[in-house]
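[1] Following is a predicted model, sequence given first.
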Amino acid sequence: MDRPVPYESEINALLARMTLEEKLGQLQQLAWTGDTGPGEGQARLIESAAREGRLGSVLNLHGARRTNDLQRIAVEESRLGIPLVFGLDVIHGFWTTFPISLAQAASFDPDIARLDAEVSAREARSNGVHWAFSPMMDVTREPRWGRVSESSGEDPYLTAAFAAAKVRGYEGEGGGPIASDRMAACAKHFVAYGAVEGGREYNTVDVSESRLRALHLPPFRAAVDAGVATVMAAFNTLSGIPAHANAHALTDILKRDWDFDGVVVSDWAGVAELIPHGFAADPADAARLALNAGIDMEMVSTCIADRGEELLANGHISAERLDDAVARILRLKFRLGLFEHPYTDERAEISAPSAETRRSAREAAARSMVLLKNDSRSVSRDRLLPLSPDITSIAVVGPFADSTDLHGAWAGPGADAFPAVTVTEGIRLAVPGAKIGYAKGVESEGGGEATPGIAEAVAAAEASDVTVIVVGEPAGLSGEGGSRSDIGLPGEQGELIEAIARTGRPFVVVLTCGRPLALGPWLASAPAVLVAWHPGLEAGHAIADVLFGAVNPGGKLPASFPRTTGQVPIHYNHENTGRPCGPDHQDPRYGARYLDLDHGPEFPFGHGLSYTTFAFGEPTLTTFTLSAGELLDGATVEVSVTVRNTGDRDGDEVVQLYVHDPVASLVQPVRRLRGFQRVSLAAGQSTTVRFTLGAEDIGFWTNAPEGEFVIEQGDIHVYVANSSQAEVPMRTLTIK
Ligand code: BGC
């Protein structure tokens, strides 16, 4: 309990020398440019604030020389010489753009996130950036929400695994000092931002305590356990209380129950926005509410710095809370080694992706792709994919076929400096002997001369052995502020696919997207569909790797693909109603479904095909009965299953462990992912995959406001499968 407080004596020595103005100054973060939020950049305020000791941090500035110039003012010209900490949205790459976070989650391989973060940290830190506003870990069932692209999808267990891996990648192991080629991470957005009503950006969130704890908190807990240095508050309200003023979330849960000793930073102007939320009367009120709830640093707006003195004088905030906030910020700077080494070595600045980081990004992108569909050709039993490298002619069509808009949302400075490899370029290199035809067909968002464009694409398809249609969403339609009310393919892209289908010639659809899409009627006619997401810098190469079989796809959906937008939210881990749908509940009228749609998603969470096939044995458990007490004392059950590659190609399978509590005092999800492992198996090879189930996997959180975790007596159903909806044999574990 009484663990030593890191850097306590250094922090106390500094606090003792600081004036009130200097303390309030540490709590202020200003934005060099205004690119990532409303309003303008604050560059003109920054130099003097740094000189006067009225600034703790700057965001949206990078470059070793530029950050050093500013740092020199803080360190050499301010009274106490406290260094600034520079933060930036390094979300899925700095120079080397990795696939978007949603894609990374589809790899079901958290090492991808760790590698992205390591590469990002090296590049960004050498450019003077100490702090990444990442990983985003908002669990979301809302594909309409643009920020689903930054997330790990709809499952808390998967998201938690990626959150922890990414924190370790940025910061290194252990939660202690952060090395000079690493950076501080930021777990965001605390909390439940993924539940914005209607998927509408910044919208209201109302969640029960049990759902908060089961769905939204676990990734943050995993990040805190991995040593995350900072946490960012969310823009949404949480059951009526804005997250920026939510003492229950920020102080009771995060700082008290989880013992988090890092910095809670506001989101962009999130403190001042307590006023339009209808929660604070004026800037002083906003400052009081935010600081008292647990915000330590204010991004962009200046309520705390401007009004702190009067609030302290009136007793509306306490000196202890203020000192605690300052101590947390100083601790971050100590962890980063900024007092000893405030400057970045300008000669060691990395200015471009290397061959090695490009290779990593390419592998990550290929490992993230999900093969949704791959039908047999009518004449033979061969599947359409992989395409033969001996192919002699190929048409590459669609608005993303020759586009560099493949980095995805929040791509960092690399997106402007280094164009993504296009699909045509990737294919050209993969099959240098083939004749490549190209036609854009239609514009990505509609408009333009659709019909002649489609005719050109059809002509290209008719002149080729096979057509690759590359369709999807521009990056600008996802990310922050990227909510869509219709998540179909934008514009006339569906018509383009249907026109190619009418040629009767073989074709593959490659989707480049930042969210799960409602695919539309063309799906039935498409023999093969590959989700490439927004694959990042090496997009075209990675797509070609998968299309021609150099990489056998092994990704799985981290979020369900709905049949239509109207079916949203639809997610695998839903609760049953009293009138569920499914094989045992056949009444077509009185079920929890839509009249005009088949039941269930188009493609469920966990779905993804391979160029080979796998067979699962029946799972075995080391014990079939356990008591709740034993579980709470740390007892575990091992679940093992044999998996065999039954095809004639090497490939990867993601083995997924799900549990279900069929009778509980709080209705439980029909499936909960509690383990996954991506295994690589040579043709014919088999392996045994083992999972461990413990208390956390079997119990659940009640609605008690202070958080109550219970394990009830009764049966727990255990499934091991290759998708959340696979029909597989069930094992029963009985809790006595
Ligand atoms: C976003 C954050 C981001 C911040 C700084 C906000 O608008 O919500 O995720 O880190 O801007 O750019």
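    Received the coordinates, thanks.

[2] Buried residues, the helix or strand of the chain with the lowest mean pLDDT. List them.
    One helix or strand of the chain scores below all others by mean pLDDT, DSSP states H and E: helix 450-462, with a mean of 91. If you call a residue buried by 16 or more other CB atoms under 10 Å, then helix 450-462 has these buried ones: 450, 453-454, 456-458, 460-461. All C-beta atoms are positioned from the backbone trio N, CA, C, and that covers glycine.

[3] Using CSV, lay out the residues you listed together with distance to the ligand.
    Output for the buried residues of helix 450-462, formatted as CSV (distance: CB to the nearest ligand atom, whole Å):
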residue, distance to the ligand
450, 35
453, 36
454, 38
456, 40
457, 38
458, 43
460, 41
461, 42
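
[4] Around the ligand, pick out the residues from the chain.
    Contact residues, the chain versus the ligand (CB under 6 Å from any ligand atom): 36-37, 59, 89, 133, 188, 267-268, 480.

[5] And the helix or strand that the least confident helix or strand of the chain is followed by, what does it pack against?
    Sequence order places strand 466-472 as the next helix or strand after helix 450-462, per DSSP states H and E. Applying 3 or more CB pairs under 8 Å, 6 or more residues apart in numbering; DSSP states H and E, we find strand 466-472 packed against strand 393-397, helix 423-430, helix 450-462, helix 493-502, strand 507-512.

[6] Nearest to residue 321, out of those?
    Nearest to residue 321 among the helices and strands packed on strand 466-472 is strand 507-512; the distance by CB to CB comes to 47.3 Å.

[7] roughly how far is that closest one from the heart of the chain?
    Counting by CA atoms, centre = their mean, to the nearest Å, strand 507-512 is centred 23 Å from the centre of its parent chain.

[8] Which residue does the stretch 401-550 of the chain have closest to the ligand?
    residue 480 (5.4 Å; CB to the nearest ligand atom).

[9] Just the C-alpha atoms of stretch 611-618, please, in CSV.
    In CSV, the C-alpha atoms belonging to stretch 611-618 read as follows (Å, rounded to 0.1, in the frame of the first residue of the first chain):
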residue,chain,number,x,y,z
TYR,A,611,-6.4,-19.3,-48.0
THR,A,612,-6.2,-22.5,-46.0
THR,A,613,-8.6,-24.2,-43.7
PHE,A,614,-8.4,-25.1,-40.0
ALA,A,615,-10.1,-27.6,-37.8
PHE,A,616,-10.6,-27.3,-34.1
GLY,A,617,-10.7,-30.2,-31.7
GLU,A,618,-13.1,-30.3,-28.8
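
[10] Quick one: mean pLDDT for it?
    Here stretch 611-618 scores 97 as its mean pLDDT.

[11] Can you tell me what sits against that stretch?
    With contact meaning CB atoms under 8 Å, 6 or more residues apart in numbering, stretch 611-618 is reached by 371, 374, 383, 385-386, 549, 552-553, 641-651, 653, 655, 681, 683, 720-722, 728-729, 731.

[12] could you dump the residues of the chain next to the ligand to a markdown table with secondary structure?
    Putting those into a markdown table (DSSP: H, G, I helix; E, B strand; the rest coil) gives the following:
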| residue | secondary structure |
| --- | --- |
| 36 | coil |
| 37 | coil |
| 59 | strand |
| 89 | coil |
| 133 | coil |
| 188 | strand |
| 267 | coil |
| 268 | coil |
| 480 | coil |
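
[13] got a markdown table for those residues, with neighbour count too?
    Formatted as a markdown table, those follow (neighbours: other CB atoms under 10 Å):
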| residue | neighbour count |
| --- | --- |
| 36 | 17 |
| 37 | 19 |
| 59 | 26 |
| 89 | 21 |
| 133 | 25 |
| 188 | 25 |
| 267 | 24 |
| 268 | 21 |
| 480 | 20 |
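
[14] and the residue nearest to the spatial centre of the chain, what does it touch?
    Most central in the chain under CA atoms, centre = their mean is residue 151, positioned 2.3 Å from the mean C-alpha point. Residue 151 is in contact with 101-102, 105, 136-140, 159, 194, counting by CB under 8 Å, 6+ apart.

[15] So which of the helices and strands packed on strand 466-472 is nearest residue 357?
    With CB to CB, the closest approach to residue 357 among the helices and strands packed on strand 466-472 belongs to helix 423-430: 17.6 Å.

[16] can you tell me the average pLDDT over that closest one?
    98.

[17] C-terminal to it, what's the next element?
    Proceeding N to C from helix 423-430, the next assigned helix or strand is strand 435-439, under DSSP H and E.

[18] tell me what that following strand is packed against?
    Strand 435-439 makes packing contacts with strand 393-397, helix 423-430, helix 450-462 when contacts are defined by 3+ CB pairs under 8 Å, 6+ apart.

[19] Any regions of this structure where pLDDT drops low?
    For the chain, the stretches with pLDDT under 70 are 1-3, 377-381, 449-451, 583, 586.

[20] Can you give me the domain boundaries for it?
    The chain breaks down into these domains under automatic domain parsing: 20-348, 365-567, 614-735.

[21] ChimeraX command to pick out the buried ones of the contacts of stretch 611-618?
    Burial among the contacts of stretch 611-618 is assessed by 16+ other CB under 10 Å; the matching ChimeraX selection reads:
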select :371,374,383,385,386,549,552,553,641,642,643,644,645,647,650,651,653,655,681,720,721,722,728,731
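
[22] who's in contact with the helix or strand hosting residue 689?
    Using DSSP H and E, the element containing residue 689 is strand 686-693. By CB under 8 Å, 6+ apart, the residues outside strand 686-693 that reach it are 636-645, 655, 657, 659, 674-675, 677, 679, 681, 718, 720, 733.

[23] Now the nearest residue to residue 713 once chain neighbours are set aside, what are its backbone angles?
    The spatial neighbour of residue 713 that comes closest, neighbours along the chain excluded (CB to CB, 6 or more residues apart in numbering), is residue 735 at 5.3 Å. Note on residue 735: backbone dihedrals following degrees, to the nearest 10 are phi -100, psi 120.

[24] Residue 735 reaches residue 695, doesn't it?
    No. Taking CB atoms under 8 Å as the definition, residue 735 is not a contact partner of residue 695, at 10.3 Å.

[25] Give me the common contacts of those two.
    Common neighbours of residue 735 and residue 695, counting by CB under 8 Å, 6+ apart, are 631, 711.

[26] Check the separation of the first and last residues in stretch 668-676.
    Chord length of stretch 668-676, first to last residue, is 20 Å (CA to CA, to the nearest Å).

[27] Could you do stretch 608-617 as well?
    Using CA to CA, the two ends of stretch 608-617 sit 19 Å apart.

[28] ok, and for it, which residues are buried?
    Going by 16+ other CB under 10 Å, stretch 608-617 has these buried residues: 608-612, 614, 616.

[29] Adding distance to residue 531 as columns, could you present the helices and strands packed on strand 466-472 in CSV?
    Shown next, in CSV, are these (distance: least, CB to CB, whole Å):
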stretch, distance to residue 531
strand 393-397, 17
helix 423-430, 14
helix 450-462, 21
helix 493-502, 15
strand 507-512, 5
